[in-house]
Structure formats: C-alpha cells, structure tokens
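Participant: dropping the sequence and predicted coords here.
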Amino acid sequence: MDLAEKKTAPPAAPLGALFGAFLKLGVTAFGGPAMVVHIRKLAVEQRRGLDEATFRAGVALCQMIPGATAMQVAAYVGLRARGVAGAAATFVAFGLPAFVLMTLFAAFYARLYEWPTMVSAFAGLRAVIIAIMAHATYTMGRSSLKGWRSVVIAAAAAALFALRVNPVPVILLAALLGWAAFRREPFAPPAAGEAARRPFPWPLVVLAALAAAGFLVPAFAGRSLFSLAALMVRIDLFAFGGGYASLPLMFHELVVVRSWLDAPTFLNAIALGQVTPGPIVITATFVGYMAAGPWGAPVCTVAIFAPSFLMLVGVTPYFDRLRRSRRFTAAIAGVLSSFIGLLFTVTVTFAWNIPWEPRRAFIAAAAFAALLLKVRLPWVILAGTAASILLL
C-alpha cells in the first residue's frame, strides 16, 4: 500500500518553483481574502499539490488563527508541499511585491503629499476607505453574528473600545464570554481528514530562535524601533478574523493611545494598502516608514507577519485535534464577535475624523453601493481616486 502511494504521489515541488509561482501570484493579489480562490486554483487545480479536502481544512485553520488569511493560506500550501522551508518560500514570495510597492509609496508620499493633486486624491480616498470599512463591518457581521448572544458580545466590545479600553483584555473577555455562551451549542466535529502527521518541532524551534534574534536588532537600533516592533507583534497575535482585524488594533494603539500618527495619515496608509497587491495589513509597512524612517518599514513588516506565520507552522500538526474541541470553537466564536464591534467602532471613529461635505459623501456612498454590487475592489479604488481628483 505504501509502495503504491509512493508511486502515485506527485513529486515534491522545487522550492524555486514554489517561490516563483507565489511571487507571480503576489503581484496580482488584489482583494485580500478573495485571493484564497486563486491560491486554490494554483495549488489544487494547476499544480495538484493538494487535494480539495486538505486545502479546505487549511483555509479553516487560517481563519481560526490570527493573521492575514490569504498570507496564511499561501504559507499553508507551501507547508504541505515542502515543509517549513516551503512555507517560508510561499509566504515571503506572496507578500514581497506588496512590501516593495508599499515602501516605494511611503517614500514618495513623504515627499509629494503636499502636491494639490495628491491632496485631492487622498481626500476622496479617505471617504472610500470609510465605505470599505463599513462594507467589511456589514459583511463580516452578517456572516459572523449568529444569534442574539453574538450581537451582545459585539455590542459590549464596541462599547469598551469606544471607551478606549485596551484591545487585549477586551479580546480575552470576548473569548471567555464566547466560551460561556456557546459551549453548550450543538456542535458537529469536522469530518476526519487526512491522518495527523508527526509534528516537526526542530524547524519550528529554529524559526522561533531566528525570529527572536531578529527581534533583538531593533532593540539595539533604538527604542522607537523596538517599541514599534513589539507593538506590531502584539497586534498580529490578537488579529483574529483576518487582516481587517489588525487595522482597528493598529489605529487604537498608534493614533489614539500613542499619537505616533494622526488619523488622516493613518487613513491614507489604509488607502495605499488597498491599492497595492497583497493583504491590507501591509499598511504596517507604511506606518513603520512614517513613524521611524526607512528602517521602520522592514521592521514593522516582519513584526506584523512573523508571529502568525510561526503560529501556523506550529499549530498545523495539531489542528485536527484542536478543531474537535467544543471549548476552543466557542471561544473563537466570541473573539470573532468582538471584532465586529471593533470594526464598527473604528468605522465610526474614522468617519468622525473626516470633514464631510456633499461631494465627499457622494464618493463614499457610491463606493459602498459598488461594493454591495460586488464590483472588484481595485476598480472601486481607481474610480474613487479619479472622482476625488475631478470633484475635490
């Protein structure tokens, strides 16, 4: 049986081929989580490195742990294809185009922001970002809030965030409330998938050690860089629900608590994060550049992605057992409900920081309507930019 399996199993993909395929995919990776569909096409249909059931299980895992979903799915495909080295190759390749473009945008932004055309473009793009955040709140709320208990957890979280309570205890409280509210709900364990594989602790230990060593670099480079890196690590560890979940945390810590950036600049960062390929959390690259100069961009980028990557690599071998835990599933449901409240609060906060007038309101309403009609996000951004330059 084993010999037959070895004969029919597809050959292991070369690391260079994996890197090249995901680098090409990363160049056109607009739409954040929507890129999961294209990753599936590459991994399941074109290269046939994964079967459908294994890929679906990986998507479920990536939705349940913190971090940008599309980036995590890319790493998962590499992990199944070539182990930890494959995960690192696909993860870096998929995010590299977004990092390079965002660094360039940040450098040009710092020099050209005062140009009248740029001012008009960003003035309208802030309104588009409000529409995008409102749409994300609506769509995530509709899919995540199941019943009145979820709504209560989301409303309680929104109230606490509005009172500027630190996000970390709010998220932990939401997990506890989720466990209390949903632990007795009817629970259907996932169907048994592929056999559990042996854990691979040594590559994970090596990666964790390298990450820890890299974390010491900003500590010696300066206190501001170290503080930024530590903040991004903490944000990533609690960004359940995908890349959009990190934005409210980032806004709260950078703008509200520490005042390292003002609200308009942060909104501009989100706008640039939307017009670049890759996950919206690449906004951290821009934030790092603006807060700490050129070295801040790579430091913040590594810090915002490394923890969730290490978590994916470490959790994957044990995922089947974890998915069968009613308590774990209930706690995660509470955490996801809290992020709906967080998104709602931040959408209102973002909107409060915009000087509304009829033309800007029209751009926001048109963008929201286009998203409801499922117009692709890059077209909404481009149309909003053109309308901003013409109307504002």
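Facilitator: Arrived safely. These numbers were taken from a predicted model, which means no experiment stands behind them. Numbering: from 1, shown residues only.
Participant: regarding the chain, what is its longest helix?
Facilitator: Longest helix of the chain, by residue count under DSSP state H: helix 69-112.
Participant: mind giving me the packing neighbours of that one?
Facilitator: helix 15-27, helix 35-40, helix 52-64, helix 201-221, helix 243-251, helix 263-275, helix 283-292, helix 296-315 (3 or more C-beta pairs under 8 Å, 6 or more residues apart in numbering; DSSP states H and E). Just so you know, the C-beta spots here come from the backbone N, C-alpha and C atoms, and that holds for glycine as well.
Participant: include mean pLDDT when you put those into CSV, please.
Facilitator: Converted to CSV, these look like this (pLDDT from 0 to 100):
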stretch, mean pLDDT
helix 15-27, 86
helix 35-40, 72
helix 52-64, 73
helix 201-221, 62
helix 243-251, 79
helix 263-275, 79
helix 283-292, 89
helix 296-315, 89
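Participant: could I get those as TSV with mean neighbour count?
Facilitator: Formatted as TSV, the helices and strands packed on helix 69-112 follow (neighbours: other C-beta atoms under 10 Å):
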stretch	mean neighbour count
helix 15-27	18
helix 35-40	18
helix 52-64	18
helix 201-221	13
helix 243-251	26
helix 263-275	22
helix 283-292	27
helix 296-315	23
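Participant: can you redo the ones you listed as TSV with distance to residue 234?
Facilitator: Formatted as TSV, these follow (distance: least, C-beta to C-beta, whole Å):
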stretch	distance to residue 234
helix 15-27	26
helix 35-40	26
helix 52-64	19
helix 201-221	12
helix 243-251	8
helix 263-275	17
helix 283-292	12
helix 296-315	9
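Participant: out of those, nearest to residue 327?
Facilitator: The closest of those to residue 327 is helix 52-64. By C-beta to C-beta, the value is 13.3 Å.
Participant: just want the angle from the closest one to helix 69-112.
Facilitator: Angle between the axes of helix 52-64 and helix 69-112 is 50 degrees (criterion: axes from the mean of the first three to the mean of the last three C-alpha atoms, to 10 degrees).
Participant: of all residues in the protein, which one is nearest the centre?
Facilitator: residue 243 (1.8 Å; C-alpha atoms, centre = their mean).
Participant: correct me if wrong: that residue contacts residue 72.
Facilitator: No: in this structure, residue 243 is not within contact of residue 72 by C-beta atoms under 8 Å, at 9.9 Å.
Participant: any residues in contact with both of those two?
Facilitator: Here residue 243 and residue 72 have no joint contacts, going by C-beta atoms under 8 Å, 6 or more residues apart in numbering.
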